[in-house]
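*Asks:* Return atomic coordinates for the entry below.
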Amino acid sequence: MVKELDIEAFLQLNQGYVLLDTRTPAEYEKAHVPGAKNLPLLDNEERAIIGTTYKQKGREEAILQGFELTGSKWRNFIEKALELAPDKKIAVYCWRGGMRSGIMSWILDLYGFKTIKITGGYKSYRNWVLQQFEKEYPIIVLGGMTGSHKTEILTELKKQGEQTIDLEELAQHLGSSYGTLNKLVQPSQEQFENLLAKELFQLDLNRHIWMEDESRNIGKRTLPEHIFEQIRAHQLILLDIEKEKRIDFLVEEYGSLDKEFLIEATERISKRLGPQHAKNAIETIRSNDMRQFIEIVLTYYDKTYTRGLSKRNSEMIKKVTICFENPHQCAEEILLKIK
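*Replies:* Sure, this is the predicted structure:
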């Protein structure tokens with residue numbers, strides 16, 4: 001017998017169920033519940049055909065056509081489900097928890113799967129995601145100018161048992177114009193939000209949650225408004241590291257990247273750099289003077305970060321001077337600072 005659960009009850013269940021998204025590949029690719037596998041009842045073209053039939057001839061004719069299109073696929077559906085869930089424990093959702101998930105869960109239950117149907121489907125899940133962003137979180141923000149090793153220290157804090165959320169990892173972007181590193185591909189805005197909601201839901205709200213200081217946008221992805229407001233308002237641990245050491249790190253991080261990628265990224269911020277600075281930066285890229293290139297663009301990013309700091313409550317900022325020769329020691333110093 002198919003069991004029905006809402007999305008939060010299912011997420012709390014954690015009993016080895018494999019979650020199946022029965023929507024089309026296009027719907028799944030745009031965004032889905034993190035960790036869900038795609039087992040589409042209809043492909044993209046078939047979904048369009050059914051939609052047209054529904055509009056022109058009504059619900060019953062659309063259902064008949066759906067069975068006609070999928071009738072020969074049931075063996076493949078079951079075999080694929082067995083491949084994805086050899087323990088035969090399956091949870092299923094579609095857009096609204098209607099026909100697609102209903103039919104798939106019925107067939108799998110009939111075959112012998114232990115089956116859960118997610119009520120309300122993906123639409124209900126998205127409402128749940130947005131609700132996570134309205135909550136208050138015990139955030140501590142790790143800040144510092146570009147090249148201050150924030151991400152590395154955040155990783156070390158996690159190793160030491162702290163709760164962390166790496167927003168740049170979720171967004172697949174390092175935050176600057178050069179932040180894709182010419183290889184990272186950002187998720188959709190919707191999927192970025194889904195991933196962030198999952199991280200927030202898994203954490204203990206009675207303990208600190210560390211996040212890196214970010215602007216409203218991380219590449220082309222935008223932080224949920226209330227999360228951004230909390231990052232701006234909560235305590236900031238400001239990493240203070242010598243500029244020369246930051247430059248050393250950034251030369252190592254960006255110096256080997258494709259020159260055309262660096263030039264294109266520099267051109268995108270040419271107005272903010274100023275025409276002459278942008279021209280000089282591009283010339284240093286072409287002449288392979290990566291240290292001088294980093295010095296030019298760092299002047300802009302340092303000014304931008306300083307301007308952002310000025311908008312914070314100064315009483316909520318604690319500065320920690322680091323050398324970053326030992327990330328473990330840096331993390332310990334920071335933890336002592338907040339205590």
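*Asks:* got the buried residues for the helix or strand harbouring Arg100?
*Replies:* Assigned by DSSP states H and E, Arg100 falls within helix 99-111. Using 16 or more other C-beta atoms under 10 Å as the test for burial, helix 99-111 gives Met99, Arg100, Ser101, Gly102, Ile103, Met104, Ser105, Ile107, Leu108, Asp109. Every residue, glycine included, has its C-beta placed from N, CA and C.
*Asks:* Kindly report the same for stretch 70-80.
*Replies:* So stretch 70-80, judged by 16+ other C-beta under 10 Å, has buried residues Thr70, Phe77, Ile78.
*Asks:* between these, which is nearest Ala331?
*Replies:* Phe77 (48.5 Å; C-beta to C-beta).
*Asks:* So the closest one lies in a helix, does it not?
*Replies:* Yes. Looking at Phe77 with DSSP: H, G, I helix; E, B strand; the rest coil, it is inside a helix.
*Asks:* Would you check how far apart it and Gly144 are?
*Replies:* As judged by C-beta to C-beta, to the nearest Å, Phe77 and Gly144 stand 51 Å apart.
*Asks:* where exactly do the strands run in this protein?
*Replies:* Secondary structure of the chain (DSSP state E): strands at 3-5, 18-21, 37-38, 89-93, 114-118, 139-144, 163-165, 209-212, 217-218, 221-222, 236-240, 317-321.
*Asks:* Identify, out of these, the most deeply packed stretch.
*Replies:* strand 89-93 (a mean of 25; mean count of other C-beta atoms under 10 Å).
*Asks:* relative orientation of that strand and helix 99-111 in degrees?
*Replies:* 160 degrees (axes from the mean of the first three to the mean of the last three C-alpha atoms, to 10 degrees).
*Asks:* Pairing partners for strand 89-93, with directions?
*Replies:* strand 18-21 (parallel), strand 114-118 (parallel) (DSSP bridges).
*Asks:* any idea of the mean pLDDT for that strand?
*Replies:* Across strand 89-93, pLDDT averages out at 97.
*Asks:* Repeat that for stretch 162-181.
*Replies:* The model assigns stretch 162-181 a mean pLDDT of 95.
*Asks:* and if you look at stretch 52-60?
*Replies:* 80.
*Asks:* buried ones in that stretch?
*Replies:* Thr53, Tyr54.
*Asks:* Show me the contact partners of it.
*Replies:* Glu61, Ala62, Gln65 (C-beta atoms under 8 Å, 6 or more residues apart in numbering).
*Asks:* Tabulate those residues (JSON lines), appending distance to Gly161 and neighbour count.
*Replies:* Output for the contacts of stretch 52-60, formatted as JSON lines (distance: C-beta to C-beta, whole Å; neighbours: other C-beta atoms under 10 Å):
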{"residue": "Glu61", "distance to Gly161": "59", "neighbour count": "13"}
{"residue": "Ala62", "distance to Gly161": "54", "neighbour count": "18"}
{"residue": "Gln65", "distance to Gly161": "56", "neighbour count": "17"}
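*Asks:* ok, the buried residues of helix 99-111 vs Arg268, which is closest?
*Replies:* Among these, and counting by C-beta to C-beta, the member closest to Arg268 is Arg100, at 41.6 Å.
*Asks:* residue contacts, that closest one?
*Replies:* Arg100 neighbours (C-beta under 8 Å, 6+ apart): Thr22, Arg23, Leu41, Leu42, Cys94.
*Asks:* and the residues you listed, which are buried?
*Replies:* Thr22, Arg23, Leu41, Leu42, Cys94.
*Asks:* if I look at the third one, how far off is Met290?
*Replies:* Relative to Met290, Leu41 is positioned 52 Å away (C-beta to C-beta).
*Asks:* same thing with the fourth one?
*Replies:* From Leu42 over to Met290 the distance is 51 Å, taken as C-beta to C-beta.
*Asks:* same question, the second one
*Replies:* Distance of Arg23 to Met290, given as C-beta to C-beta: 46 Å.
*Asks:* just to revisit the earlier point, in a markdown table, list the buried ones among the contacts of Arg100 along with distance to Tyr125.
*Replies:* A markdown table is the format used below for the buried ones among the contacts of Arg100 (distance: C-beta to C-beta, whole Å):
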| residue | distance to Tyr125 |
| --- | --- |
| Thr22 | 13 |
| Arg23 | 12 |
| Leu41 | 18 |
| Leu42 | 20 |
| Cys94 | 11 |
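*Asks:* Among those, which pair sits farthest apart?
*Replies:* Leu42 and Cys94 (9.9 Å).
*Asks:* What residues of the biggest helix by length in the chain count as buried?
*Replies:* Counting residues, the longest helix in the chain under DSSP state H turns out to be helix 290-309. Counting neighbours by 16+ other C-beta under 10 Å, one finds that the buried residues in helix 290-309 are Met290, Gln292, Phe293, Ile294, Glu295, Ile296, Val297, Leu298, Tyr300, Tyr301, Thr304, Tyr305.
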